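1. Please work out how this folds:
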Amino acid sequence: YGVSTNSFTRLELLDIPILRDQDDNVGIYVAACGYTSGWTAAVIYQSGDGSNYTNLTTISNTATIGNVETAIGNFYSGNILDELNTIRVHLVTGTLSSTTLEQMFAGANAALVGDELIKFRDATLVSTGIYDLTGLLRGRRGTEWAMSTHIAGDRFILLTQFTIKRVTLDSAEFDLTRYYKAVTTGNLLQDTLGGPFINTGRANECLSPVGLGGGWAGNDIVLSWKRRTRKGGTWRDSVDVVLGETTESYTIEILSLGGTVLRTLTSTTSIVTYTSAKQTTDFGGTQTELSFRVYQRSELRGRGYPATAGISKNRYAPVTFDPSNKSSSITLTNDNLTISGVVPNWESAKATQSIPPGKWIFEATCIEYNHNEIEVGIGQSSVSNADHIGQSTVGWGYAVDGRIYNSGVAYAVVAAWVTGDVIAVGYDSILGTLQFFKNGVLQTTITGLSGNYYPMGSMFTGSSGQQLTLNLDGNFVYDYPGYAPLSP
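-> Okay, the predicted model is just below:
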């Protein structure tokens, strides 16, 4: 959040996760710089009503601050370098420089872009005050939720211990509007414009859990997950990370297929049992599939950031193309993972199982094509195997020419693909969102889906042969954080 002033100071108030363990208190980070070369310092004032101000702190070190030119794309490959996106930064003041991977991993070149904490390896000077940043580590300190929130003009602040100052506030001020002024040395408080700011306490919120899963004990469902920590997260052999909270506590929400919360459970460990009796009350019977959401709780802020997943009792059988649910001209090989053949008209094949509740993904690789007609996607059971996936109102297919088909028309046009390219299809059955990827890069997101969908492949070869192979077991070519592989 930036507070505009008429006193040649740019003030940035940072409601972000803590950057150092010693900063684990109720507070925010503050950074400032001058719009002119003669800037030396600014006194920061706070007010509860916008009229009566008190001295909060003084900033005398110039921070490197600017704005990004265009919105940064999302990233789905977790803790590896994002070499797909480039951040172009226009600085108000300061300079940027490249670093080595070792130095970056040790803490160099950390920055805040919008609400996402990142690190960057390379800073290339484009022109005076303008840099292109590449070799990015995304979603640091639990800010992966912010990777999809970027807009053109997002703030950029280089984070160093010398230019970023921690300021302690009162927990009673969480979620309340307060007003701030940055009064440049030599200026008067009454002549300086102020602006509003709300501290939501992100420094004190628990990070989202990871590794959500579960299994069946009779008809009871046992759900589990792994916690993360806001502080003390150093990876040490044979020792778990510190809890980081006064007590360990979780909230678990049981979800319907449409995402409605049916029941809320609590636990003081990273495991909870959803009994058959509760299932019967919530669903009318015991379940073979389940979607759930988990929050870790903190004493100060309650629920932290959520994680959502789905489990299926039937999922543990390998998923392949179904020999009994395909057109007659399509041949299955490679343990029923590859479709091929000479197919004179559009024909399709469905998988052995529909996609269960949760967030699932599978890959498909084009092994051979000699005719410009192959599709991969998802479709409901009513989609005809005597046509292509996207011909149906309940089928979505990504064709080799780059068209995303639904209801027989191109819903969107994205990147075309050829032999050797890897297409991924991700479906979140809880939120009803469908995503297509090419070689690990998101191509489009489709919302508003509902119902049960099957992985599908379609082809129309004419007189030439084609091959398309599914990869469902998680040994993916690319990473897709947040998604689970469809087959064990």
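2. which residues sit in contact with the residue lying closest to G153 once chain neighbours are set aside?
-> Using C-beta to C-beta, 6 or more residues apart in numbering and skipping residues adjacent in sequence, the residue nearest G153 is N67, 5.2 Å away. Backbone N, C-alpha and C define where each C-beta goes, glycine included. Listed by C-beta atoms under 8 Å, 6 or more residues apart in numbering, the contact set of N67 reads V89, H90, G153, D154, R155, F156.
3. part of a strand, is N67?
-> Yes: with DSSP: H, G, I helix; E, B strand; the rest coil as the criterion, N67 is located in a strand.
4. Next one: it from I198, what distance?
-> Using C-beta to C-beta, to the nearest Å, we find N67 at a distance of 21 Å from I198.
5. ok, I151 touching E69?
-> No: between I151 and E69 there is no contact under C-beta atoms under 8 Å: 11.2 Å.
6. out of these two, which sits in the busier spot?
-> In terms of neighbours (other C-beta atoms under 10 Å), E69 is the more surrounded of I151 and E69; the figures are 17 against 10.
7. what about the closest residue to the more buried one other than its chain neighbours, distance to T95?
-> If the residues on either side of it in the chain are set aside, E69 comes closest to R88, at 4.1 Å by C-beta to C-beta, 6+ apart. Relative to T95, R88 is positioned 15 Å away (C-beta to C-beta).
8. Neighbour count: those two, which is higher?
-> Comparing R88 with T95 by other C-beta under 10 Å, the one with more neighbours is R88, at 17 against 11.
9. Could I get the pLDDT score of that one?
-> R88 carries a pLDDT value of 98.
10. just checking, what packs against the strand of greatest length in the chain?
-> Secondary structure assigned by DSSP state E gives strand 116-127 as the longest strand of the chain. Other elements packing on strand 116-127 under the criterion 3 or more C-beta pairs under 8 Å, 6 or more residues apart in numbering; DSSP states H and E are strand 87-93, helix 101-105, strand 110-113, strand 130-137.
11. export the ones you listed to JSON lines and tack on distance to T192?
-> What follows is these, written out as JSON lines (distance: least, C-beta to C-beta, whole Å):
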{"stretch": "strand 87-93", "distance to T192": "18"}
{"stretch": "helix 101-105", "distance to T192": "37"}
{"stretch": "strand 110-113", "distance to T192": "24"}
{"stretch": "strand 130-137", "distance to T192": "29"}
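12. quick revisit: show me which positions of the longest strand of the chain end up buried.
-> In terms of neighbour count (16 or more other C-beta atoms under 10 Å), strand 116-127 has its buried residues at E116, L117, I118, K119, F120, R121, D122, A123.
13. now, which of these sits nearest T54?
-> Closest approach between the buried residues of strand 116-127 and T54, by C-beta to C-beta: L117, at 29.8 Å.
14. Excluding chain neighbours, what is closest to the closest one?
-> Using C-beta to C-beta, 6+ apart, the closest residue to L117 is R140 (3.9 Å).
15. Could you tell me the phi and psi values at the one you found?
-> phi -70, psi 150 (degrees, to the nearest 10).
16. My understanding was that D21 contacts T229; is that so?
-> No: contact criterion C-beta under 8 Å: D21 and T229 do not qualify, at 10.0 Å.
17. Show the average pLDDT along the longest helix along the chain.
-> Criterion DSSP state H: the longest helix present in the chain is helix 276-283. Taken as a whole, helix 276-283 has an average pLDDT of 97.
18. Tell me which strands the helix or strand following it pairs with, and in which orientation.
-> Using DSSP states H and E, the helix or strand that follows helix 276-283 towards the C-terminus is strand 289-298. Here strand 289-298 is paired, per DSSP bridges, with strand 250-255 (antiparallel), strand 302-303 (antiparallel), strand 307-312 (antiparallel).
19. now the ones you listed in JSON lines, with mean pLDDT?
-> What follows is the strands paired with strand 289-298, written out as JSON lines (pLDDT from 0 to 100):
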{"stretch": "strand 250-255", "mean pLDDT": "97"}
{"stretch": "strand 302-303", "mean pLDDT": "94"}
{"stretch": "strand 307-312", "mean pLDDT": "88"}
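20. how about those, which one is nearest E12?
-> Closest among these, using C-beta to C-beta: strand 302-303, at 26.9 Å.
21. shaky segments in the chain?
-> 1-7, 77, 315-316, 370-372, 461-465, 488 (pLDDT under 70).
22. Let me know the outermost residue of it.
-> Distance from the C-alpha centroid of the chain peaks at G186, with 44.9 Å (C-alpha atoms, centre = their mean).
23. That residue: what's it in contact with?
-> G186 neighbours (C-beta under 8 Å, 6+ apart): none.
24. Help me confirm that S354 comes into contact with M456.
-> No: counting by C-beta under 8 Å, S354 stays clear of M456, with 10.7 Å between them.
25. who's more crowded, these two?
-> Ranked by neighbour count (other C-beta under 10 Å), S354 and M456 place M456 first, with 31 against 20.
26. Just list what the helix or strand that contains that one packs against, helices and strands only.
-> Per DSSP H and E, M456 falls inside strand 454-459. Packing partners of strand 454-459 (3+ C-beta pairs under 8 Å, 6+ apart): strand 338-341, strand 347-351, strand 374-379, strand 395-399, strand 466-471.
27. which neighbours does it have in its sheet, and in what orientation?
-> Applying DSSP bridges, strand 454-459 is found paired with strand 347-351 (antiparallel), strand 374-379 (antiparallel).
28. Show residues contacting it.
-> Here strand 454-459 makes contact (C-beta under 8 Å, 6+ apart) with 319, 321, 330, 339, 341, 343, 346-351, 353-355, 362, 364, 371, 373-381, 383, 387-390, 395, 397, 425, 466, 468, 470, 472, 486.
29. Out of these, which end up buried?
-> Buried, going by 16+ other C-beta under 10 Å: 319, 321, 330, 339, 341, 343, 346-351, 353-355, 362, 364, 371, 373-380, 383, 387-390, 395, 397, 425, 466, 468, 470, 472, 486, out of these.
30. quick revisit: nearest approach to Q46 belongs to which of the helices and strands packed on strand 116-127?
-> Of all the helices and strands packed on strand 116-127, strand 110-113 comes closest under C-beta to C-beta, at 20.9 Å.
31. neighbouring contacts of the closest one?
-> 14, 16, 19, 68, 72, 87, 117-120, 140, 150, 154-160.
32. Apply 6 Å and report the result again.
-> If you take C-beta atoms under 6 Å, 6 or more residues apart in numbering as the criterion, strand 110-113 is touched by I118, K119, D154, F156, I157, L158, L159.
33. Which of those fall in strands?
-> Going by DSSP E, the strands hold I118, K119, F156, I157, L158 from those.
34. out of those, which one sits closest to I311?
-> So of these, ranked by how close each gets to I311 (C-beta to C-beta), first place is I118, at 32.3 Å.
35. quick one: the closest one and T338, what's the gap?
-> 40 Å.
36. And N204, by the same measure?
-> Here N204 is placed at a distance of 51 Å from T338 (C-beta to C-beta).
37. R293 too?
-> Going from R293 to T338 by C-beta to C-beta gives 36 Å.
38. One more: D170?
-> Distance, D170 to T338, using C-beta to C-beta: 63 Å.
39. What are the contacting residues of stretch 128-142?
-> Outside of stretch 128-142, the residues within contact range by C-beta under 6 Å, 6+ apart are 17, 75, 81-82, 86-91, 96, 117-126, 147, 207.
40. Can you give the distance of stretch 415-434 from its chain's centre?
-> Centroid separation for stretch 415-434 versus its chain: 16 Å, with C-alpha atoms, centre = their mean, to the nearest Å.
41. How about residues contacting it?
-> Against stretch 415-434 from outside (C-beta under 6 Å, 6+ apart): 255, 259, 291, 355, 357, 359-366, 376-378, 396, 398, 400-402, 435, 437-439, 443, 446-450, 477, 483.
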